[in-house]
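**Student:** make a model of this:
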Amino acid sequence: MLTTDLLLHAYRIMVTARSMAAIYEDNRTITKYVHSTSAGHEAIQIAAGLQLTPNDWFSPYYRDDSLMMAAGFEPQQLMLQLLAKATDPFSGGRSYYCHPSSRDADKPKIMHQSSATGMQAIPATGIAQALQYQLQQGLLPNGLNPLPVVLCSLGDGSVTEGEVSEAWQFAILKQLPIIYLVQDNGWSISAATAEVRVMNAFEYADGFKGLYKLQCNGAHFEESYQTLQQAFAYARTERKPVLVHATVPLLGHHTSGVRREFYRSKEDLQQHSLNDPIPHLRQTLLQAGIVETVLLETEATARQTAATAFQMAVEAPDPNPATVTEHIFAPTPITEEKGERSPKNAEKVLMVDAALHAIEEILAAHPEALLYGQDVGSRLGGVFREAATLAEKFGDHRVFNTAIQEAYIVGSTAGMSAAGLKPIVEVQFADYIYPGFNQLVTEIAKSCYLSNGKFPVQMVLRIPTGAYGGGGPYHSGSIESTLLSIKGIKVVYPSNAADMKGLMKAAFYDPNPVIMLEHKGLYWSKVPGTDGAKMPEPAVDYMLPLGKAARILEASTQHIKQGTSICIITYGMGVYWAKQAAQAFAGQVEIVDLRTLFPLDETCIAETVTRHGKVFVLTEEQQNNSFAEALAYRITHCCYQFLDAPVEVMGALNTPAVPIHLALEAAMLPAITEIEKRIEKLLAY
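**Tutor:** You can find the predicted model right below:
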């Protein structure tokens with residue numbers, strides 16, 4: 001029921017938020033970082049925030065400061081982020097105003113936030129996915145009341161993003177407890193509604209069968225509160241998704257840097273001001289019997305609260321520049337090789353089976369672990385059979401198919417991880433990763449850093465990669481250089497079954513996002529010369545830490561002393577090409593298998609380069625602008641005084657894709673004869 005106390009509480013937050021916006025505008029030389037405020041949106045935001053409990057999660061968007069305060073956050077906390085102060089509780093001075101993250105026990109939890117123009121829908125839905133699984137499996141605290149739900153806040157313009165559609169599809173399909181609150185102010189920066197979309201979010205939702213939807217005038221607090229009350233009750237009890245579409249005025253600027261006078265007419269601004277939520281709620285309070293003096297006192301107190309908070313935030317310390325590299329990754333517990341790599345009487349296994357067994361052992365030991373992706377479910381078990389029988393053993397609730405939604409597969413792991421689950425997900429081929437790049441770059445990679453260490457994303461992303469057997473374009477690509485351009489993720493590339501299992505285990509226990517690049521040509525050792533990828537299967541407890549290279553072949557001491565040796569630094573299929581080519585140079589070639597591309601075993605590389613003085617970096621990837629070329633530069637830069645020759649680099653030809661015909665595929669890839677010529681060239685120096 002809407003009591004006068006509740007209405008007065010909402011009014012206090014509303015006028016505080018508006019006072020804060022005025023202070024920001026009056027102090028533009030101090031509030032120099034780009035920000036948006038909730039001016040005009042206050043009523044719907046406060047109505048939503050007051051429904052949230054400490055059991056819930058929510059995902060605000062970049063102008064949700066009123067929602068934040070209604071959920072329990074103080075003005076000064078928001079202002080510390082506005083001014084990028086060291087004591088900013090959300091990001092430690094690393095991110096914009098209203099880009100929060102919080103694990104405060106007395107408030108709803110907020111995972112890392114990007115700029116939230118649609119991207120937040122997938123991670124937020126991932127949280128709801130986690131809550132559903134935890135409730136079904138008894139992993140939530142006993143007696144939790146009320147049951148948790150997720151609130152995902154969006155601007156109407158962001159609903160045109162395809163990723164919002166992916167989130168809605170999954171939420172409806174799986175019947176997840178999430179509320180999508182769409183605040184529609186009629187503008188997408190400088191683009192008016194009629195310019196950029198043919199329908200609003202409420203109308204668009206007609207195409208999503210099974211999505212319960214509501215709409216209201218988001219400038220009227222009473223109507224907004226009752227609508228949100230209905231939405232939360234439905235999500236909490238039915239455990240199903242809800243859309244709330246609220247029309248609101250935009251009274252402030254898009255941001256402090258994109259100002260309303262740049263693109264809006266006086267008539268448009270005047271029309272929006274007629275729907276200002278503050279006068280409306282003020283009149284409601286007067287009609288409810290609250291006297292004018294109480295309202296004036298409330299307004300004066302709000303202005304003073306905002307002014308005092310701002311002054312305290314201004315005086316707070318700035319971040320120490322020395323902390324700039326903190327929290328890129330969370331510390332991993334797996335720092336040493338452990339367990340039995342080659343148990344007595346262990347049978348040799350294929351790489352694909354080593355991966356399968358590693359995942360099976362993980363799922364058996366960890367009820368918080370799940371596996372999902374395209375075609376990994378019980379009917380097929382992965383297109384390479386890398387997940388065969390897992391759904392049958394662990395159930396469709398833990399091993400399941402997704403639609404062709406790479407963005408959802410990747411991005412949902414951020415929400416799953418935040419809520420305490422440990423997802424292992426698959427993208428069917430390396431060439432298919434690109435639709436998931438927005439989530440990987442914007443959400444996954446930045447989460448630990450921009451949340452100041454609160455939300456590292458613990459996930460393993462499996463990606464079959466590499467050329468083999470005429471797989472052709474879109475099924476044979478190498479993507480390591482593209483991945484390695486992203487800071488905040490780890491990239492692993494095993495070349496044999498023992499490494500596959502040990503690295504998979506270490507990746508699972510690493511609290512950071514790890515990508516496993518798994519060469520499909522090595523899965524079954526069908527490519528001539530790759531029989532060595534089959535190895536005795538390590539024990540259940542075996543783990544191989546990330547960032548440790550291995551010497552696959554050693555040169556003779558005599559050749560090293562005589563200066564007639566070289567080292568080949570490679571990974572993946574390159575290991576087997578190098579081994580074949582080295583047969584023609586007995587004792588003269590040392591081969592280092594990197595195993596992990598990031599973190600990189602720079603100690604092993606430097607020591608190897610120093611001993612030999614001649615270096616050959618070999619990759620399957622197209623050579624120009626590749627990781628291999630970058631590595632060659634780093635070797636030259638760091639080990640220049642030990643080099644006896646320029647660092648040699650060889651990769652595939654620089655074609656846009658791997659052609660399908662076997663002869664063309666072979667012509668594109670490094671040939672053994674060409675590798676031998678490069679070795680001869682180096683030895684001749």
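**Student:** now for residue 279, how many residues are close by?
**Tutor:** Per other Cβ atoms under 10 Å, the neighbour tally for residue 279 reads 12. (C-beta placed from N, C-alpha, C; glycine too.)
**Student:** immediately after the one helix or strand it maps to, which helix or strand?
**Tutor:** Assigned by DSSP states H and E, residue 279 belongs to helix 277-287. Later in the chain than helix 277-287, the nearest helix or strand by DSSP H and E is helix 292-315.
**Student:** just the buried positions in that next one, please.
**Tutor:** Within helix 292-315, the residues that count as buried by 16 or more other Cβ atoms under 10 Å are 295, 298, 299, 302, 303, 305, 306, 309, 310, 313.
**Student:** for stretch 162-175, same thing?
**Tutor:** Going by neighbour count (16+ other Cβ under 10 Å), the buried part of stretch 162-175 is 163, 164, 165, 166, 167, 168, 169, 170, 171, 172.
**Student:** now swap in stretch 318-333 and tell me
**Tutor:** Within stretch 318-333, the residues that count as buried by 16+ other Cβ under 10 Å are 319, 327, 329, 330, 332.
**Student:** same thing with stretch 263-281?
**Tutor:** 264, 272, 275, 276, 277, 278, 280, 281.
**Student:** the closest residue in space to the fifth one that isn't next to it in sequence: neighbouring residues, count only.
**Tutor:** Okay, so that is residue 277. Nearest residue to residue 277, sequence neighbours excluded (Cβ to Cβ, 6 or more residues apart in numbering): residue 43, at 3.7 Å. For residue 43, the count of nearby residues is 32 (other Cβ under 10 Å).
**Student:** show the contacting residues for residue 43.
**Tutor:** Residue 43 sits next to 10, 14, 218, 219, 220, 221, 224, 248, 277, 280, 281 when contact means Cβ atoms under 8 Å, 6 or more residues apart in numbering.
**Student:** of all those, which two lie farthest apart?
**Tutor:** 10 and 248 (15.0 Å; Cβ to Cβ).
**Student:** can the buried residues of stretch 263-281 go into CSV with extra columns for pLDDT and distance to residue 536?
**Tutor:** Converted to CSV, those look like this (pLDDT from 0 to 100; distance: Cβ to Cβ, whole Å):
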residue, pLDDT, distance to residue 536
264, 90, 70
272, 91, 71
275, 92, 72
276, 96, 73
277, 97, 69
278, 97, 72
280, 97, 74
281, 97, 72
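**Student:** let me have these in CSV, adding distance to residue 79 as columns.
**Tutor:** Shown next, in CSV, are the buried residues of stretch 263-281 (distance: Cβ to Cβ, whole Å):
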residue, distance to residue 79
264, 27
272, 26
275, 27
276, 23
277, 22
278, 21
280, 27
281, 24
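**Student:** of the residues you listed, which is the nearest to residue 456?
**Tutor:** residue 277 (38.3 Å).
**Student:** hang on, the closest one packs against residue 221?
**Tutor:** Yes. With contact defined as Cβ atoms under 8 Å, residue 277 reaches residue 221; the gap is 6.3 Å.
**Student:** secondary structure and pLDDT for the buried residues of stretch 318-333 - can I get that in TSV?
**Tutor:** TSV is the format used below for the buried residues of stretch 318-333 (DSSP: H, G, I helix; E, B strand; the rest coil; pLDDT from 0 to 100):
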residue	secondary structure	pLDDT
319	coil	98
327	coil	98
329	coil	98
330	coil	98
332	coil	98
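**Student:** and the furthest pair within these?
**Tutor:** Once Cβ to Cβ is applied, the buried residues of stretch 318-333 give 319 and 332 as the farthest pair, at 25.2 Å.
**Student:** about what we covered before: which residues touch the helix holding residue 279?
**Tutor:** 4, 7-8, 10-11, 14-15, 18, 40, 42-43, 218-222, 248-249, 292, 295.
**Student:** sorry, back to before: spell out which residues are contacts of both of residue 277 and residue 221.
**Tutor:** Looking at what touches both residue 277 and residue 221 (by Cβ under 8 Å, 6+ apart), the common residues are 14, 43.
**Student:** okay, residue 189: pLDDT?
**Tutor:** Residue 189 is assigned 83 on the pLDDT scale.
**Student:** may I have the phi/psi pair for it?
**Tutor:** phi 50, psi -110 (degrees, to the nearest 10).
**Student:** ok, now residue 591?
**Tutor:** Main-chain dihedrals, residue 591, degrees, to the nearest 10: phi -120, psi 130.
**Student:** residue nearest the centroid of this protein?
**Tutor:** Nearest to the mean C-alpha position of the chain, by Cα atoms, centre = their mean, lies residue 444 at 1.6 Å.
**Student:** so residue 425: helix, strand or coil?
**Tutor:** Local secondary structure at residue 425 is given as strand here, using DSSP: H, G, I helix; E, B strand; the rest coil.
**Student:** for the stretch 251-400 of the chain, which spans come out with low pLDDT?
**Tutor:** 378, 380-383, 386-387 (pLDDT under 70).
**Student:** in helices, which of the buried residues of stretch 162-175 fall?
**Tutor:** 163, 164, 165, 166, 167, 168, 169, 170, 171, 172 (DSSP state H).
**Student:** save these as a markdown table, and put in pLDDT and distance to residue 257 too.
**Tutor:** Formatted as a markdown table, those follow (pLDDT from 0 to 100; distance: Cβ to Cβ, whole Å):
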| residue | pLDDT | distance to residue 257 |
| --- | --- | --- |
| 163 | 94 | 25 |
| 164 | 95 | 25 |
| 165 | 95 | 29 |
| 166 | 96 | 30 |
| 167 | 96 | 29 |
| 168 | 97 | 31 |
| 169 | 96 | 34 |
| 170 | 95 | 34 |
| 171 | 97 | 34 |
| 172 | 97 | 37 |
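**Student:** for those, which one is nearest residue 370?
**Tutor:** Relative to residue 370, the closest of those is residue 170; by Cβ to Cβ it sits at 13.8 Å.
**Student:** which residues does that closest one contact?
**Tutor:** By Cβ under 8 Å, 6+ apart, the neighbours of residue 170 are 125, 129, 176, 402, 403, 405, 408, 412.
**Student:** from these, keep the buried residues only.
**Tutor:** 125, 129, 176, 402, 405, 408, 412.
**Student:** ok, and the closest non-adjacent residue to the last one?
**Tutor:** The reference is to residue 412. residue 126 (3.3 Å).
**Student:** go on, the third one?
**Tutor:** Take residue 176 and drop its neighbours on the chain: the residue closest to it by Cβ to Cβ, 6+ apart is residue 128, 3.9 Å away.
**Student:** can you report phi and psi for that neighbour?
**Tutor:** Per-residue torsions, residue 128: phi -60, psi -40 (degrees, to the nearest 10).
**Student:** okay, now it: neighbour count?
**Tutor:** With other Cβ under 10 Å as criterion, residue 128 counts 31.
**Student:** quick one: residues contacting it.
**Tutor:** The contact partners of residue 128, by Cβ under 8 Å, 6+ apart, come to 149, 150, 171, 176, 177, 178, 241, 415.
**Student:** again, 6 Å this time
**Tutor:** Residues near residue 128 by Cβ atoms under 6 Å, 6 or more residues apart in numbering: 150, 176, 177, 178.
**Student:** pull the most distant pair out of these.
**Tutor:** Maximum distance among the contacts of residue 128 (Cβ to Cβ): 7.9 Å, for 150 and 176.
**Student:** and residue 491, what element?
**Tutor:** Using DSSP H and E, residue 491 sits in strand 490-492.
**Student:** which residues does that strand contact?
**Tutor:** For strand 490-492, the external contacting residues (Cβ under 6 Å, 6+ apart) are 483, 484, 503, 512, 514, 515, 516, 546, 596, 597, 598.
**Student:** how about the last one, nearest residue that isn't a chain neighbour?
**Tutor:** This points to residue 598. Using Cβ to Cβ, 6+ apart and skipping the chain neighbours, the partner closest in space to residue 598 is residue 491 (4.8 Å).
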